[in-house]
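# All I have is the shape, not the residue letters:
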């Protein structure tokens, strides 16, 4: 592998052992075996300017070479680095690790690859190995020498002084002067000789490891740290430069940064020929909003090179895990297949922390001091050492590193997102459709593309049940003990659906006979899921097109704009889905053999029906669907302008038919597209490629995925707006909640510590402020706002030992601090991570927030000083009893469920719930009953809604599932039936029985997405989904 000769190779020089180390490999694994084929020699120039030769197969991907280099250096954190080379156009290009070297480099014998730093983290303390910091220091040294890292004279002199200290040790006037004469560390070094020596005098006793640490500490604060400029021009022809960093895309004029586009503000990145396009999220705070920024680069290749590094930077710093590879297209593909390969920063940090790598001394070039990679200079007390011969392991003791990853774990708990990536290239709408949309998920960032692989389309936040990715719930797990003791003595209607009049009892023999009549193929039950959910979707549309329209016609002087908006945007969609439902029903009848039995075999498929209707939906109604988000905004604006219209909407929401908030029904057509995509993904995974229905299903999936991609930005923005409008109805004492730029993150129950002890409070976390409330006794069951803590400048500290209260933590605001306690450790972790993420977001965006509270509530007045009493048991009981009255719909919202169940829900949970909707017939049995009761059950918005049949207009009762556990009955429960699952909360137990293995798994899947939202393990990663 190494170049022959007497000179020691890099591995020997750096002290690498004979056996391979690890880089992007798991502990104990060796680099992958090279594919057979002729060997080719590749020269790689290291950061210390040594050149090494590696032999790999011509067919081997570049990742094999990269792993060999990292193993050669014994480098554990190799994912921060990359290989670059100069192509025939004299442009520096990063090696794509997924492609063979020979497909990227025409003449490998005449090309030297450079092993350099590729990803610059914002905080060097995230680099856990001394060897990694040493290599970063070499990169800084190189950038300073070539003029890429520009700074003022003071900073430059200080940087050079630390480099000299690491190379020759403590200051000696003659030696230092001679060393600076023979080594050029920066342009115009002679002018700064006196200042460099002055700083060098002050570094007495500083080890090479400490010098590296200080060098990186200074460098990371410089504006040009890690910046690689890509020349460009704006539309007016002004010469600029573009760059990318961990925060987003940067714009420079010369070496001065003039603009920055944070990942959370970027919706898409794309390029077309020489034009590089940045599409931004709408900024409601600005009167003049520019959606797309355009920069002209020298060539299409320049655009593509910069676009690729943007994709990689975004994925490395913002995603939870490496994006899944794309499947090969069946027919053709649009855009680039390029994707980020390798571990993300979060994965690198976790991998290094969890693995035990052998710490070996290594030799620093130009340095006479041997360093031990197990030592870290952070917080080490300075000690006087001998000038020349002292070694690092004699001058300090190992310290534990406990640095947080750049990717904040709260993203996962609160959003979107998941973070996954797909990239579309220049040929289509080449978009890095960044989950920049999911960040809002990401906060984060989900990178979407029409070419996304199926599994990427399915992916969601780890720990959440999303489209088949189950989070296992331990048997017998229940939330007992999470509720305050004051609530245990009262029975709430939340814990038991009132279904005494519903349905009729089937005998077990009848059920067995009925089940045997129908097909058993999984594809049939997937098609049946399409049928049952389409029936529910059509009923939901009727709330808008029938019920809402009837209420508008009853009243005089209703705004014509609202009537026109509903008629033009929803009536055509409703008629289309009516025809679609009839076609699906006919196909299922044929599939079941109830009609046209002689040609039954030709109709055992559903992909052709979906393809035809999805293409029609795309061609005829895409523009209508894009305007559905505007309907929600226009309706809210009209309600503000007309009290009469506001009263009509409020009256409709009190009707049994409106079992969800009205504005949720307005977004149903957009959410339905997600359900179609899910069903088609399941079909494509089930069918073999040779199946007659596979091609139609695949084509339909491609069309619906493209539609979802185009509408995703609208959906995410409107979901946030809808949630804020819903919360507005639950709160009293707020001036204005739905302000531009505000994003909802989490709501839930915490206990606030005051002079009267722990008092139950409802907390609402937004992107700029934390609001806390108590349960009011208003007719609408609203929560009364007690105070707010702006997030700008807030700090958080665990306080369990200080106050003796389990799971407590203190929030320090600029004007007020409060102590709160969560119901359990997992709840505390979710809240603290989300608050930390929100504080970071607030400080990076708009600064201090606007005031929320009404003028009657002063911010400086704490709840204790205001004489606010804790709710009595009678008040709590009265609030629960309101749930029995169907007219008081506000008593059964998610906010009230969280209050009674003492739990919390994040915006990510709401986004997951949008996709996890299901309906169909189930048999239900109480704990002590004998027969099974057939019901039509709809799962949506964290609740089960029960009907006699799918033809009913409104539910008989509902069962909120937050806090419930879903398991399989134990043998001791004597449930001797197949496909039965059990729901239990404290003493409340329900059994539900489905018709097949597939429907059983689907019901378990979607219910766990709700029941686990309050207790699922937190994923320590952040995409900035909000």
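Sure thing, it's come through. Just so it is clear, the structure is predicted and the values come from calculations on it, not from any experiment.
# Return the distance of the longest helix along the chain from the chain's centre.
Among the segments of the chain that qualify as a helix by DSSP state H, the longest is helix 694-730. Its chain's C-alpha centre and that of helix 694-730 lie 16 Å apart, by CA atoms, centre = their mean, to the nearest Å.
# Following the chain past it, name the next helix or strand.
Sequence-wise, the next helix or strand downstream of helix 694-730 (DSSP states H and E) is strand 731-732.
# what packs against that following strand?
Here strand 731-732 touches strand 783-790, going by 3 or more CB pairs under 8 Å, 6 or more residues apart in numbering; DSSP states H and E. Backbone N, C-alpha and C define where each C-beta goes, glycine included.
# What angle do helix 694-730 and the strand it packs on make with each other?
Counting by axes from the mean of the first three to the mean of the last three CA atoms, to 10 degrees, strand 783-790 points 100 degrees away from the direction of helix 694-730.
# what's the average pLDDT for strand 783-790?
The average pLDDT within strand 783-790 is 88.
# buried residues in it?
The neighbour-count check on strand 783-790 (16 or more other CB atoms under 10 Å) flags 783-790 as buried.
# Dump the residues you listed to TSV, plus distance to residue 129.
Output for those, formatted as TSV (distance: CB to CB, whole Å):
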residue	distance to residue 129
783	50
784	53
785	49
786	48
787	46
788	44
789	39
790	39
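# Closest one of these to residue 190?
Ranked by distance to residue 190 (CB to CB), the buried residues of strand 783-790 are led by residue 790 at 51.4 Å.
# Can you list the neighbours in contact with stretch 85-98?
61-63, 65-66, 82-84, 101, 104-106, 111-114, 118, 301-302, 305, 308-309, 312, 338-339, 341-342 (CB atoms under 8 Å, 6 or more residues apart in numbering).
# So, low pLDDT: which residues of the stretch 901-1026 of the chain?
Applying pLDDT under 70 to the stretch 901-1026 of the chain flags the ranges 1012-1026.
# same thing with the stretch 1-150 of the chain?
1-37.
# go with 50
1-29, 34 (pLDDT under 50).
# all helices of it, in order?
Secondary structure of the stretch 1-150 of the chain (DSSP state H, counting those that start in this stretch): helices at 10-13, 62-73, 130-145.
# Residue 210: which of those helices is closest?
Between those, helix 130-145 lies closest to residue 210; by CB to CB that is 10.3 Å.
# What helices and strands are in contact with the closest one?
strand 112-117, helix 153-168, helix 208-219, strand 370-372.
# and that helix with strand 112-117, angle?
Using the same axes, to 10 degrees: helix 130-145 against strand 112-117 is 110 degrees.
# How far away from the center of its chain is helix 130-145?
The answer for helix 130-145 is 32 Å, by CA atoms, centre = their mean.
# Likewise for stretch 90-100?
The answer for stretch 90-100 is 29 Å, by CA atoms, centre = their mean.
# And stretch 958-970, by the same measure?
Using CA atoms, centre = their mean, the offset of stretch 958-970 from its chain centre is 26 Å.
# Same check on stretch 147-154?
The answer for stretch 147-154 is 37 Å, by CA atoms, centre = their mean.
# Stretch 309-326 now?
12 Å.
# Could I get the buried residue list for it?
Neighbour count says stretch 309-326 has 309-324, 326 buried, by 16+ other CB under 10 Å.
# Where helices are concerned, which of those count?
309-318.
# mind putting the residues you listed in JSON lines, distance to residue 639 included?
Rendered in JSON lines, the data for these read as follows (distance: CB to CB, whole Å):
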{"residue": "309", "distance to residue 639": "47"}
{"residue": "310", "distance to residue 639": "41"}
{"residue": "311", "distance to residue 639": "42"}
{"residue": "312", "distance to residue 639": "46"}
{"residue": "313", "distance to residue 639": "43"}
{"residue": "314", "distance to residue 639": "39"}
{"residue": "315", "distance to residue 639": "42"}
{"residue": "316", "distance to residue 639": "45"}
{"residue": "317", "distance to residue 639": "41"}
{"residue": "318", "distance to residue 639": "37"}
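# any weak-confidence spans in the protein?
For the chain (pLDDT under 50), the answer is 1-29, 34, 370-513, 515-516, 596-600, 848, 853-890, 1014-1026.
# what sits opposite residue 747 in the beta ladder?
residue 764, residue 905 (DSSP bridges).
# who's in contact with the closest residue to residue 541 other than its chain neighbours?
Among residues not flanking residue 541 along the chain, residue 574 sits closest, at 4.7 Å (CB to CB, 6 or more residues apart in numbering). Residues in contact with residue 574 (CB under 8 Å, 6+ apart) are 538, 541-542, 544-545.
# For those, which single residue is the most surrounded?
residue 544 (23 neighbours; other CB atoms under 10 Å).
# Tell me if I'm right that it and residue 666 touch.
Yes - counting by CB atoms under 8 Å, residue 544 touches residue 666, with 6.6 Å between them.
# now residue 652: how far from residue 551?
5 Å (CB to CB, to the nearest Å).
# wait, I meant residue 134
In terms of CB to CB, residue 134 sits 72 Å off from residue 551.
# before we move on, back to that, now restrict the contacts of stretch 85-98 to buried residues only.
61-63, 65-66, 82-83, 101, 104-105, 111, 113-114, 118, 302, 305, 308-309, 312, 338-339, 341-342.
# which residues in the stretch 851-1000 of the chain form strands?
For the stretch 851-1000 of the chain, applying DSSP state E, counting those that start in this stretch gives strands covering 904-906, 918-926, 932-940, 943-947, 957-960, 965-967, 980-985, 988-993.
# re the thing from before, mind putting the contacts of residue 574 into a markdown table with secondary structure and distance to residue 150?
Below are the contacts of residue 574 laid out as a markdown table (DSSP: H, G, I helix; E, B strand; the rest coil; distance: CB to CB, whole Å):
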| residue | secondary structure | distance to residue 150 |
| --- | --- | --- |
| 538 | helix | 63 |
| 541 | helix | 60 |
| 542 | helix | 65 |
| 544 | helix | 59 |
| 545 | helix | 63 |
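# Which members of those residues define the maximum pairwise distance?
It's 538 and 544 that sit farthest apart of those, by CB to CB, at 11.2 Å.
# higher neighbour count, residue 134 and residue 551?
residue 134 (25 against 18).
# Can you give me the distance of the closest residue to the more buried one other than its chain neighbours to residue 140?
Leaving aside its sequence neighbours, residue 134 sits nearest to residue 212 (CB to CB, 6+ apart; 5.6 Å). For residue 212, the distance to residue 140 (CB to CB) stands at 9 Å.
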